[in-house]
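Chemist: coords please:
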Amino acid sequence: MFGTTLLDRRSKPERIADQAWQHLVSSVSSAGDSVRDTARSARRGGSGLADDATDLVGTAAEEARRRATLAFDALAGRRPALPWTLLISAALVGAALGWAAGTAARAAGSRGRDADEIEFVDVDRPNSPVGLDG
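Modeler: Now for the predicted structure:
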C-alpha cells in the first residue's frame, strides 16, 4: 500500500519515463538472451566462431545498455554529463602544443637576432697613404 501511494504521486512524465525504461530494459534483456542462445549454439559448432560471437554479444549488450540508459535519461529530461576526461585531455594537449610553439618561436627569434647582429666598426686611420679617410 505504501509503495502504490508513492507511485501515484509521481508526475505524468515520470510515469511515462518509467514505463519507457521498463520497456527498454525488457527489450534489451530479451534481445541479449536470444543473442546469447545463438552464441551458445554457435559455440557447439565451432570454438573460434563462438569466441567471436561471444565478444560481439558482449559489446552489443553493453552498447544496448548504454543506449537504453541514455534514452531513459532523455525521457526523464536529464541532460547527458559532460565528458570531463575528454575536455581535460584536450586542454592538456592544447597547452603542450602552445608551449612547443612558444619555445620554437623563441628559438627561431634568437637565431634570427644573432645572424642580424653584424657590428660595423669605424676605424680612424690618421695617416692613410691611400687617402680613404678623407
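
Chemist: only C-alpha atoms for contact and neighbour calcs from this point on.
Modeler: OK.

Chemist: domain assignment for this protein?
Modeler: The chain is divided into the following domains under automatic domain parsing: 9-81, 83-119.

Chemist: winner for burial among those domains?
Modeler: Highest mean neighbour count of the domains of the chain: domain 9-81, a mean of 15 (counted as mean count of other Cα atoms under 10 Å).

Chemist: Rounded mean pLDDT for the helix or strand that contains residue 102, please.
Modeler: With secondary structure defined by DSSP states H and E, residue 102 is part of helix 84-116. Averaged across helix 84-116, the pLDDT comes to 85.

Chemist: cool, stretch 20-29 as well?
Modeler: On average, stretch 20-29 scores 80.

Chemist: Please save the CA atoms from that stretch in CSV.
Modeler: What follows is stretch 20-29, C-alpha atoms only, in CSV (Å, rounded to 0.1, in the frame of the first residue of the first chain):
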residue,chain,number,x,y,z
ALA,A,20,9.6,3.5,-21.3
TRP,A,21,12.5,2.5,-19.2
GLN,A,22,10.9,-0.8,-18.2
HIS,A,23,10.1,-1.5,-21.9
LEU,A,24,13.7,-0.7,-22.9
VAL,A,25,15.1,-3.0,-20.2
SER,A,26,12.8,-5.9,-21.1
SER,A,27,13.7,-5.4,-24.8
VAL,A,28,17.4,-5.3,-24.2
SER,A,29,17.2,-8.3,-21.8
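
Chemist: Determine the set of other helices and strands touching the helix holding residue 102.
Modeler: Helices and strands in packing contact with helix 84-116 are not found; criterion 3 or more Cα pairs under 8 Å, 6 or more residues apart in numbering; DSSP states H and E.
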